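Chemist: sequence plus the predicted model coming up.
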Amino acid sequence: MRYTIAIIFLLIANFAAKAQLQGKIIDKIVAKVGGEYILLSDVEKQYAYAKQAQPSLEPSYKCDVLENIIAQKIMVHQAKLDSIELGDDEVEAQLEYRIENILNQMGNNEAFFVEYYGQTVNEVREWMRDDLRQQLLSEKMQKQIINEVNIRPEEVVEFFKSIPKDSLPLLNAEVELAEIVMKPEASQASKDKSYEFLLDLRRQIVNDSADFATLAKKYSDDLGSGAKGGELGSQKRGNFVQEFEAVAYTLENGELSEIVESEFGYHLIQLNERRGNVINSRHILIIPEVTDEDRNKTKLFLDSLRVLIESDSLKFNDAVKKYSNKKVESYTNNGRMTNPATGSTFYSTNELPPEIYFGIEELNVNEISAPIEYQDRGGDIMFRIVQLQSKTKPHIANLKQDYSKLQNFAVESKKNEYFNEWIISKLNSTFMEIDPKYQTCPNISAWIEAKAQ
């Protein structure tokens, strides 16, 4: 049986399809599962969203959509029977995360949000809540089901042998990489200059010769809050860095802090109001300037690490622990880089950023690149040296070179089969009625046949 384990569509991206379809569908019920109804609009919305992402999808893909929704309804039904709990806090946390994600992509422009989706943020939040609850409940049920699936080495071999030789995939050249990452730091002279500058701003505010909001708008390097006079709004404990909170929560209403240093720079904080663990505050941030000389020092230091490692005077893993930026994901994995597209440590060479590809192109296994400059997600200039830990040429998949990949494929295949068998096992105890138009869909027809037996 074919069945896609990833049955859940992301709700955060579903609004556009929803908006496009409003008023265009004469709705009707296409399926009943347990006490749940599935509407034609549910199928059309998710198909429209999927087609936006992949325009080549044929209308037959609506079968996959309906199968996914039915499977989700069966899981939700079973989750309720099994008394699987889902707290309101879990739903609200996910709801806020998804709403914030959408707003961030829109530059936090709520007017654009309303124009694009035809609903306010609060209206969308209310609309999403029930659907999200069902999604999270079905995900919990699904994890509980497939967590029981394990696979033995001989099953991996059997899976590989079951693939026709002319269907074995051609795998691209792949590499495994490890990195040591450093962020250039401002010199002490630059830090002192920033500290003194902010101290002078504080004196102006204390002496009533300048207004906090005016100075924040003019000088703060936190451009988001600076444009609002330094206002950070009401925030719960845990939303700021430790150094900031350690001072902010000790202030009285209206009190101005001394200069506070954090990883971001120097802060001047004023507390507007505190209610329990929620504070409303504002700040002025001054970030010490990182000069070309500071960046060059970082490059030279990384290059010296490269020489030490390649001469066996320093172990790569030890250098990661001692020198690499602790905020980079690879730090907790001995520097080993993880491919965000697959979650594995293997990269096809065409998946690498150009600066890394050209940096390692001529390397042999275990050699290390010269320092590579790049920008992180926050826009900061960073440097890294990259070690080539393994390299394969393009080849037909085989057990010797690709066992871990084949093992993953085999596990997913077994999970799919196990999950489909679980769905079929629940059909006899679950009321299901399908519109005749969809009864010829591959899985649905198999489910109907199994239920009839």
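Modeler: Received, thanks. Numbers count the residues shown, from 1 in each chain.

Chemist: can you pull out the helices in the stretch 101-250 of the chain?
Modeler: Under the criterion DSSP state H, counting those that start in this stretch, helices of the stretch 101-250 of the chain are mapped to 110-117, 121-146, 153-162, 188-206, 212-219, 223-226, 242-248.

Chemist: show me which positions of the second one end up buried.
Modeler: Judged by neighbour count using 16 or more other CB atoms under 10 Å, the buried positions of helix 121-146 are 124-125, 128, 132-142, 145-146. The way it works is simple: take the backbone N, C-alpha and C, and place the C-beta from them, glycine included.

Chemist: and for the third one?
Modeler: The neighbour-count check on helix 153-162 (16+ other CB under 10 Å) flags 156, 159-160 as buried.

Chemist: also the first one?
Modeler: Within helix 110-117, the residues that count as buried by 16+ other CB under 10 Å are 113, 117.

Chemist: ok, the fourth one next?
Modeler: Along helix 188-206, these residues count as buried under the neighbour rule (16+ other CB under 10 Å): 190-191, 194-195, 198, 201-202, 205.

Chemist: thinking again about what came up before, Asp64: which of the buried residues of helix 153-162 is nearest?
Modeler: Phe159 (23.4 Å; CB to CB).

Chemist: residues in contact with that closest one?
Modeler: 406, 409-410, 413 (CB atoms under 8 Å, 6 or more residues apart in numbering).

Chemist: and the closest residue in space to Tyr323 that isn't next to it in sequence, what are its bridge partners?
Modeler: Among residues not flanking Tyr323 along the chain, Ile180 sits closest, at 6.0 Å (CB to CB, 6 or more residues apart in numbering). Beta bridges link Ile180 to Ile385, judged by DSSP bridges.

Chemist: neighbours of Ile180, how many?
Modeler: 27 (other CB atoms under 10 Å).

Chemist: next one: Thr430
Modeler: Around Thr430 there are 16 residues (other CB under 10 Å).

Chemist: could you look up the SS state of it?
Modeler: With DSSP: H, G, I helix; E, B strand; the rest coil as the basis, Thr430 sits in coil.

Chemist: low-confidence ranges, the stretch 201-350 of the chain, go.
Modeler: Along the stretch 201-350 of the chain, the model assigns pLDDT under 70 to no residue.

Chemist: picking up where we left off before, which of the helices of the stretch 101-250 of the chain sits closest to Phe301?
Modeler: It is, among the helices of the stretch 101-250 of the chain and with distance given as CB to CB, helix 188-206, at 16.2 Å.

Chemist: could I get the buried residues of helix 188-206 as a markdown table with distance to Asn109?
Modeler: Compiled in a markdown table, these are given as follows (distance: CB to CB, whole Å):
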| residue | distance to Asn109 |
| --- | --- |
| Ser190 | 35 |
| Lys191 | 35 |
| Ser194 | 31 |
| Tyr195 | 35 |
| Leu198 | 31 |
| Leu201 | 30 |
| Arg202 | 33 |
| Ile205 | 31 |
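
Chemist: please identify which of those is nearest to Asp222.
Modeler: Leu198 (12.3 Å).

Chemist: contacts only, for that closest one.
Modeler: 259, 266, 268, 284, 286.

Chemist: switch to 6 Å and redo it
Modeler: 259, 266, 268, 286 (CB atoms under 6 Å, 6 or more residues apart in numbering).

Chemist: count the residues that sit near the third one.
Modeler: This points to Leu268. For Leu268, using other CB under 10 Å, the count is 25.

Chemist: my guess is it contacts Arg202. True?
Modeler: Yes. The criterion here is CB atoms under 6 Å, and Leu268 meets it with Arg202 at 5.5 Å.

Chemist: report the mean per-residue pLDDT for stretch 442-452.
Modeler: The average pLDDT for stretch 442-452 rounds to 82.

Chemist: what does that stretch rub up against?
Modeler: Applying CB under 6 Å, 6+ apart, the contact partners of stretch 442-452 are 67, 424, 427, 434, 438.

Chemist: wait, which of these is closest to Glu329?
Modeler: Relative to Glu329, the closest of the contacts of stretch 442-452 is Glu67; by CB to CB it sits at 35.1 Å.

Chemist: can I assume that closest one sits in a helix?
Modeler: Yes. According to three-state DSSP, Glu67 belongs to a helix.

Chemist: burial measure for it, as a count.
Modeler: By the criterion of other CB under 10 Å, Glu67 has 23 neighbours.
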